[in-house]
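A.B. asks: the sequence and its predicted three-dimensional model are supplied below.
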Amino acid sequence: MQACEADGARVFIYCISFPFADYFTVLLFGRRIIMRAIIDIGTNSVRLLVAEKDDKEEWKVLKKDLRSTRLGEGMTDKAFIGKGPRERTLKAIEEFTATARLEGTSEIFAYGTSIMRDAANGAEFSDEVTAATGIPVRILSGKEEAYYSYIGAAGTPSVVTSVVDIGGGSTEMCMGFGTDIGIRHSFHLGCVRCSKQFDTTTPRGLAELKKHCFALFRNTDLMESMKNVKRWIGVGGTVTSLAAMLQELEVYDSSKVQDYVIHQEDVNRMLKYLSSLSYDEKCHLTGLMPERADIIVAGVAILDSLMEYFALPEIMVSDRDLSEGLLDADVLHPNESR
């Protein structure tokens, strides 16, 4: 405890830190701040989000960072995480853990998604991360991933909303109204997975990928339910990159990406354009990070297939997604019966 004089009044500032506890709290003039970090271990990238919650019970994002470590490199339906991707990803997680602690938080949560669910050695890699950082890794189910992506992107909407999260190894769809989440579904469709399975450089390969998407969509009862959706939101690197490319953003600007509306004809046009470019040309494309150059076509093909199948004229982009939803994972839990 420290004390100082301010305008004749004695002010006490308490700073309490529990290195091994569940949270870091600062009390300043009676104000309680909780700082929390989320590490999202994905198929294509590892992401860090650091946020604080004050007395108003609202999260304020302090820092976001991303490393494209390609944990799912070479993945198939019988995925196995290779040595190189494991080392790259572990290094990024260790760096993010150090960054989070330097930011002043000891409440750090790590989550694994598609690749860690599907890989034969996913649980083994989870243990490796915990041994190196001291942070347990919770591997989300497909339905949990869909749920928290919905919470992060949509919040508590006043109209029936569907959130689509196109990731590296899977695509999640979740429909809800307010906090009442109805339908959650996870497809084995991702920009990394499908780039490995299909030749996205040829019209024939793209046609086969879209046919595969349609087959997976038809194998659900989503069509009838989705007729009630009034607002569609897209999250993940594919849709945010598409929004950045359409606006020709030389520097990624989340404020310009957030709530940007992408029309179906723009998606179809961009799919044709991107598939006609060489890898080097895509690496130098305004709005696209070079590390996504080899997987962007597959991601856009998945989005194009989804919008065509469900007859969506447009989709709204959200820069807020799974990471933001996971900030409240300690108090919000999906109904696993749905």
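C.D. replies: Looks like it arrived, so ask away.
A.B. asks: next one: the helix or strand hosting Lys196 to chain centre, how far?
C.D. replies: In this structure, Lys196 is located in helix 191-197 according to DSSP states H and E. Centroid separation between helix 191-197 and its chain, computed with CA atoms, centre = their mean, to the nearest Å, is 17 Å.
A.B. asks: helices or strands up against it?
C.D. replies: Secondary-structure packing of helix 191-197 (3 or more CB pairs under 8 Å, 6 or more residues apart in numbering; DSSP states H and E): helix 203-218, helix 296-309. Glycine gets a C-beta too; all of them are placed from N, C-alpha and C.
A.B. asks: now, of those, which is deepest in the fold?
C.D. replies: Mean neighbour count (mean count of other CB atoms under 10 Å) peaks for helix 296-309 among these, with a mean of 25.
A.B. asks: by contact count, what packs against the host helix or strand of Ala131?
C.D. replies: Assessed by DSSP H and E, Ala131 sits inside helix 122-133. Packing partners of helix 122-133 (3+ CB pairs under 8 Å, 6+ apart): helix 83-102, strand 108-112, helix 114-118, strand 137-139.
A.B. asks: nearest residue to Met270 in space, please, no chain neighbours.
C.D. replies: Closest residue in space to Met270, ignoring its immediate chain neighbours: Val300 at 5.9 Å, by CB to CB, 6 or more residues apart in numbering.
A.B. asks: who are the contact partners of the one you found?
C.D. replies: By CB atoms under 8 Å, 6 or more residues apart in numbering, Val300 lies in contact with 238, 242, 267, 270-271, 274.
A.B. asks: any idea how far Ile34 is from it?
C.D. replies: From Val300 across to Ile34, the span is 38 Å (CB to CB, to the nearest Å).
A.B. asks: what do you get for Gly168?
C.D. replies: Here the criterion is CB to CB. By it, Gly168 lies 30 Å from Ile34.
A.B. asks: so those two - more neighbours on which side?
C.D. replies: Gly168 (29 against 17; other CB atoms under 10 Å).
A.B. asks: the more buried one: what secondary structure?
C.D. replies: coil (DSSP: H, G, I helix; E, B strand; the rest coil).
A.B. asks: any idea how the chain splits into domains?
C.D. replies: Domains of the chain are assigned by automatic domain parsing as 2-139, 142-323.
A.B. asks: for those domains, which has the smallest mean pLDDT value?
C.D. replies: When the domains of the chain are ranked by mean pLDDT, domain 2-139 comes last with a mean of 81.
A.B. asks: can you give me how far that domain is from the chain middle?
C.D. replies: 14 Å.
A.B. asks: adjust the sequence numbering to begin at 14 for everything that follows.
C.D. replies: That works, and once the first residue is 14, the last one we named lands at domain 15-152.
A.B. asks: Ala159 versus the nearest residue to Ser288 once chain neighbours are set aside, what's the distance?
C.D. replies: Closest residue in space to Ser288, ignoring its immediate chain neighbours: Val310 at 5.2 Å, by CB to CB, 6+ apart. When distance is defined by CB to CB, Val310 is 24 Å away from Ala159.
A.B. asks: what pairs with the lengthiest strand in the chain, and is each one parallel or antiparallel?
C.D. replies: Longest strand of the chain, by residue count under DSSP state E: strand 44-54. Counting by DSSP bridges, the strands paired with strand 44-54 are strand 37-41 (antiparallel), strand 59-66 (antiparallel), strand 121-125 (parallel).
A.B. asks: in the helix or strand that comes right after the longest one, what counts as buried?
C.D. replies: Once the chain leaves strand 59-66, the next helix or strand it forms, by DSSP H and E, is strand 72-80. Residues 72, 79-80 are the ones in strand 72-80 that count as buried (16 or more other CB atoms under 10 Å).
A.B. asks: what sits up against strand 72-80?
C.D. replies: Residues from elsewhere that reach strand 72-80 (CB under 8 Å, 6+ apart): 48-49, 58-67, 101, 105, 108-109, 112, 116, 336-337, 340-341.
A.B. asks: touching, Gly97 and Gly87? I think so.
C.D. replies: No - judged on CB atoms under 8 Å, Gly97 makes no contact with Gly87 at a distance of 9.6 Å.
A.B. asks: which one, of the helices and strands packed on helix 135-146, ends up nearest to Ser291?
C.D. replies: Closest of the helices and strands packed on helix 135-146 to Ser291 is helix 96-115, at 25.0 Å (criterion: CB to CB).
A.B. asks: now for the closest one, which elements pack on it?
C.D. replies: Counting by 3+ CB pairs under 8 Å, 6+ apart, helix 96-115 packs on strand 44-54, strand 59-66, strand 72-80, strand 121-125, helix 135-146.
A.B. asks: thanks a lot, catch you later.
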